[in-house]
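> Need the 3D shape of this:
(chains A and B)
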Amino acid sequence: MDIANFLPTSSEYIRVLPEIILTLMGTLLMFLEAVTNENRKGIFAPLSIAGLAAALAGAVVAYRDPGPAFQNMLTIDGFATFFRVLVIGVGLLAVLSSSGYLRRENSRGGEFYALILFSIVGQSIMASANELIMIFIGLEISSIASYILAGYLRDDARNNESALKYFLLGSFATAFLLYGVAWIYGTTGSTNLVLIRRALLNGGEPVALAEMAAALMFVGFAFKISAVPFQSWAPDVYQGAPAPVSAFLSVGPKAAAFAVLLRVFMTAFGPIASSWTPLVWGVALATMTVGNFAAILQSNIKRLLGYSSIAHAGYVLVAVTANSGNGSAAAMFYLAAYAFTNIGAFAVVAYVSRKGEKFVRVDDFAGLAQRQPGMSAMLSIFLLSLIGVPLTGGFFGKFYIFKAALDAHLVWLTVLGLLNSAVAAYYYLRVLVVMYFKEPGEAAEDIPPAGAALQIAVYTSALGTLLLGIFPSWVLNFATKAALR
Amino acid sequence: MTLLDLVLFLPLIGFLLLLLVPKDNPQASRMGALIISLGIFVASLGLLAPYWFAAPNGPQFETNVSWIDYPPIRYHVALDGLSLWLVLLSTLLTPICVLVSWKHIDHRVKEFFAFLILLEFGLIGVFVALDLFLFFTFWEISLVPMYFLIGIWGHERRIYAAVKFFLYTMVGSMLMLTAIIYLYNKSGTFDYFDIVSQIQTGRLTFDPHTQLLLFLAFFIAFAIKVPLFPLHTWLPDAHVEAPTAGSIMLASVMLKMGTYGLVRYCLPLFPGAAHASAPWVAGLAICGIIYGALVALVQPNMKKLVAYSSVSHLGFVVLGIFSFTQQGLDGAVYQMLAHGISTGALFMLVGFMYERRHSLEIAAYGGVATPAPQLATVFLIATLASIGLPTLNNFIGEYLVLQGASQANFTWVIFAALGVILSACYMLWLYQRAFYGKASESVSHHMTELTGREWAAILPLLILMVWMGTFTQTFLPAISAQNARILGQTQEVQTHPVPALAEAKR
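Here you go, the predicted model:
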């Protein structure tokens, strides 16, 4: 075989433009960090925003010529582009909401932004990976950066605990995933998703072995998306990590993990769907239920949002259970709506918490509406979206997920899922209750006005949440077109 | 863009405008809210035009444009004889509620009026939406401002009441949402007319078991809102804790969302299941009528008494609906409006008394008629209307309901009529304890006469009580025409000439 066949063509480079831009920018930031003196550290945030914006443009450019890259290791299609844009957008909002936070905590490092960019590189690779090894590499790039981010404020004990927990359990999960990969390679002789699918369709391979591989890989993904019974790390990590990092972790890596989960199970394991859908059915129900009921008991808002993110992973798993084009589109839409909503909610939490995250109890939001009506109204929009009240993205996403589920005749899962969201209303309402119905407490009394970057992050998230709820077509049509079938 | 679109969206615009009013100028918020809500009311009067001389055939002011391409969700609104009066009730009561809250609400004034106007948006939307998804959207939207109205400006246990109210409705809504999606997956559309015609022509059929489940999913959502016994437990809490304006909007309009939903959706969409479950529903309605009345009888708290009387009155409405007769349905809809007027008035008057005496306990009053004869007279008229005295509004509704129910099953009437008697007991007893007897010193001191603003708020309702009790022809033809259409859709058309009946009663 001619060596020239292995050299990537120029159009293949364009297909990985976002990854290239982000890697270069991340490296540049690391370099600048070493040579920039203390009072010029304000440039890191604008630089990373520029890098992310360029990567966003790169993702759009890459989609103008979709197709495979690097010997079918990556595939740039609508599905990949959707998630690339999503994780890069999440990165933008995360950077906007962290710059003020880092200044407040006296920790204005270039590494922080570099890590965010590297993490997004990993997620972006996951979104476009067509190959189990690439998935593994993407997952590791994303995860290792995330582990460090979770413990970024290294003088803070909770940060350290959070990072360690995240690291240990995350590695554990990755091992499961890798074991599954090895298993399927042994069974079908390939790590390429399309080839695995073909092998399974042809029959001849023992199905039980493929099922074992699917189960092992599902365990790995279940950790990453915090599905029951592998959810226990999520509340601890989200509580311990710096609030903007929790925001990032609860949407970015999760969305990418869902992208991979959808791609692997619908493409590679599509032929054995009848054996894994019952498993996902049970996990979806358990995840929703455990997340919601545990969240009711929380008094720390970051923990509450942590459990809520478990519940929301459960809703997305309902869409995965549907195993259809509609289900995949619904999951995509939901993750987009959830990204805006959750980043926004965590940004407001970061704002209220103050230096050293002093105020992170639900009760610390008492009377916020009387002191900061704008921020309170925005948090209300996010909470209503999490409850699933119409005209918010959260509602439409939920509606679309359960519509896909009913299409797939999952009647009981739908009924139980929707009743679950009524339970969820209770704990989200509690935040609204203290914010609007109680008199201002210590935390709200002399709250400083929010910084400009944070305001941009919060208002953009709110706008996104409302737009996805009122005019969902523009995202929904793309998701439907790009969905896996 | 029709007048109906304007009436629907003016409250939303008004809400946004009110948000712009500076926070430290409560008077501007009050005036703004009054002007906006009056403007909406005047605009909504234009909706009467097609109904002025005769009941037109079919929906009026229809707008049907695409909202979301896929799934095909349309902004489809229109007005018919059923929704017309409920829309007018909402637009009439909003400015009245602004007047009622003028002095009563003295903190966070701007937010209060903004939420009140936003509530109006949700309510009008519920009554005019003809796309199931759109209907659900408004149904949920109306929940949010009421939650805040109760939770921020309510009495001591307001938070408990607000959360209970929200969660109760939410559970019902979720079941309804499941059924809406299921209907869509079967029929391929969210459009109400389209689905009804598919059912009529037999293109969309369900086996009885599925139909019953779908019916129940809608029914439970509506029954919680009505509220039908035994799902009523949120209502006394919400009413007692809500501020006066909240109670008025809740009792007069929001409860009607439930009964409206029963007529509009439960009957035509699932006729078989509705017929099959009629005896059970009627049984619950009668339980509610008697239970509500009995509990009202022993209430020491005036607001709770009026709240339980609502449970009783709304039982009549449900009984009328599930009698599947023209009279029964006409009576039910008439009773919806009548209850909106008279119970709204009662809550308002109780609110006025609370503002003076700062107590809702009946025992804190007594002899009020001496220092405040005007208040006493007005309260008496509202009391008599609520009891169902002929020539006042509730009589017509209750009479028609009982007549319709007697055609369906005479035993029902025997028990339901007990409720009429009991209502006289608890209301008159309340009146006697609060207004007659010797006025204590503090009562004479606090219970001042009605002010001009209060008169302005109550007078329209008094006029309507008499008007609805005497000139039924103003209201009934539009209602009857629409009810005949709905009965036709449930395929058991009863051909009693109702206008003639109404004529005879005049």
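
> so after the longest helix seen in chain B, what's the next helix or strand?
Assignment by DSSP state H gives helix B:326-357 as the longest helix of chain B. Toward the C-terminus, helix B:326-357 is succeeded by helix B:373-387 as the next helix or strand (DSSP states H and E).

> need the next SSE after that next one, C-terminal direction.
Helices and strands here follow DSSP H and E; after helix B:373-387, the next one along the chain is helix B:393-408.

> Just list what the next helix or strand along the chain from that next one packs against, helices and strands only.
Once the chain leaves helix B:393-408, the next helix or strand it forms, by DSSP H and E, is helix B:410-435. Under the contact criterion of 3 or more CB pairs under 8 Å, 6 or more residues apart in numbering or on different chains; DSSP states H and E, helix B:410-435 touches helix B:271-297, helix B:302-321, helix B:373-387, helix B:393-408. Using the backbone N, CA and C atoms, a C-beta is placed for each residue, glycine as well.

> Which among those helices is found nearest to chain A?
Closest approach to chain A among the helices and strands packed on helix B:410-435 (CB to the nearest CB): helix B:271-297, 17.0 Å.

> list the buried ones in that closest one?
By neighbour count on 16 or more other CB atoms under 10 Å in any protein chain shown, the buried set for helix B:271-297 is B:271-274, B:277-278, B:281-282, B:284-286, B:288-297.

> from the middle of its chain, how far away would it be?
Helix B:271-297 has its C-alpha centroid displaced from the chain centroid by 18 Å (CA atoms, centre = their mean, to the nearest Å).

> for stretch B:376-391, same thing?
That offset, for stretch B:376-391, works out to 19 Å (CA atoms, centre = their mean).

> Distance of the residue of the stretch 1-150 of chain A found nearest chain B relative to residue A:322?
Per CB to the nearest CB, residue A:78 is where the stretch 1-150 of chain A lies closest to chain B, at 15.7 Å. Going from residue A:78 to residue A:322 by CB to CB, to the nearest Å gives 19 Å.

> Of those two, which one has the most company?
Neighbour comparison, residue A:78 and residue A:322: the larger count goes to residue A:322, with 29 against 17 (by other CB atoms under 10 Å in any protein chain shown).

> number of nearby residues for the nearest residue to the more buried one once chain neighbours are set aside?
Closest residue in space to residue A:322, ignoring its immediate chain neighbours: residue A:408 at 4.0 Å, by CB to CB, 6 or more residues apart in numbering or on different chains. When neighbours are defined as other CB under 10 Å, residue A:408 has 20 of them.

> What are the phi and psi values at residue A:408?
When read as degrees, to the nearest 10, the backbone of residue A:408 gives phi -90, psi 10.

> one step back: mind pulling up the pLDDT for the residue of the stretch 1-150 of chain A closest to chain B?
Residue A:78 is assigned 89 on the pLDDT scale.

> what does residue B:136 give?
Looking at residue B:136, its pLDDT stands at 92.

> for residue B:263, same thing?
With respect to pLDDT, residue B:263 scores 91.

> That one: neighbouring residues, count only.
Residue B:263: 21 neighbours (other CB under 10 Å).

> count of residues packed around residue A:189?
For residue A:189, using other CB under 10 Å, the count is 11.

> An error on my part: the question was meant for residue A:358.
Residue A:358: 12 neighbours (other CB under 10 Å).

> Which secondary structure element is home to residue 34?
Just so you know, I chose chain A. Using DSSP H and E, residue A:34 falls in helix A:17-35.

> Oops, wrong one, chain B.
Per DSSP H and E: helix B:26-45 holds residue B:34.

> What are the buried residues along that helix?
B:26, B:29-30, B:32-34, B:36-37, B:40-41, B:44.

> Report whether that helix contacts chain A.
No: using CB under 8 Å from any CB of the partner chain, we find that helix B:26-45 stays clear of chain A, coming within 13.6 Å at best.

> low pLDDT regions in the stretch 101-250 of chain A?
A:108, A:205 (pLDDT under 70).

> Looking at it, what residue ends up closest to chain B?
Chain B sits closest to residue A:228 of the stretch 101-250 of chain A, with a gap of 21.1 Å, by CB to the nearest CB.

> between the helices and strands packed on helix B:410-435, which gets nearest to residue A:342?
When the helices and strands packed on helix B:410-435 are compared by CB to CB, helix B:302-321 sits nearest residue A:342, at 39.1 Å.

> list the helices and strands the closest one packs on?
helix B:234-241, helix B:255-261, helix B:271-297, helix B:326-357, helix B:393-408, helix B:410-435.

> Dump those helices to TSV, plus distance to residue A:109.
Listed next are those as TSV, based on distance: least, CB to CB, whole Å:
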stretch	distance to residue A:109
helix B:234-241	51
helix B:255-261	55
helix B:271-297	65
helix B:326-357	59
helix B:393-408	72
helix B:410-435	71
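
> Out of the ones you listed, the one nearest residue A:86 is which?
Closest to residue A:86 of the helices and strands packed on helix B:302-321, according to CB to CB: helix B:255-261, at 37.5 Å.

> Does anything pack onto that closest one? Which helices or strands?
So helix B:255-261, by 3+ CB pairs under 8 Å, 6+ apart, packs with helix B:81-104, helix B:109-128, helix B:208-225, helix B:302-321, helix B:326-357.
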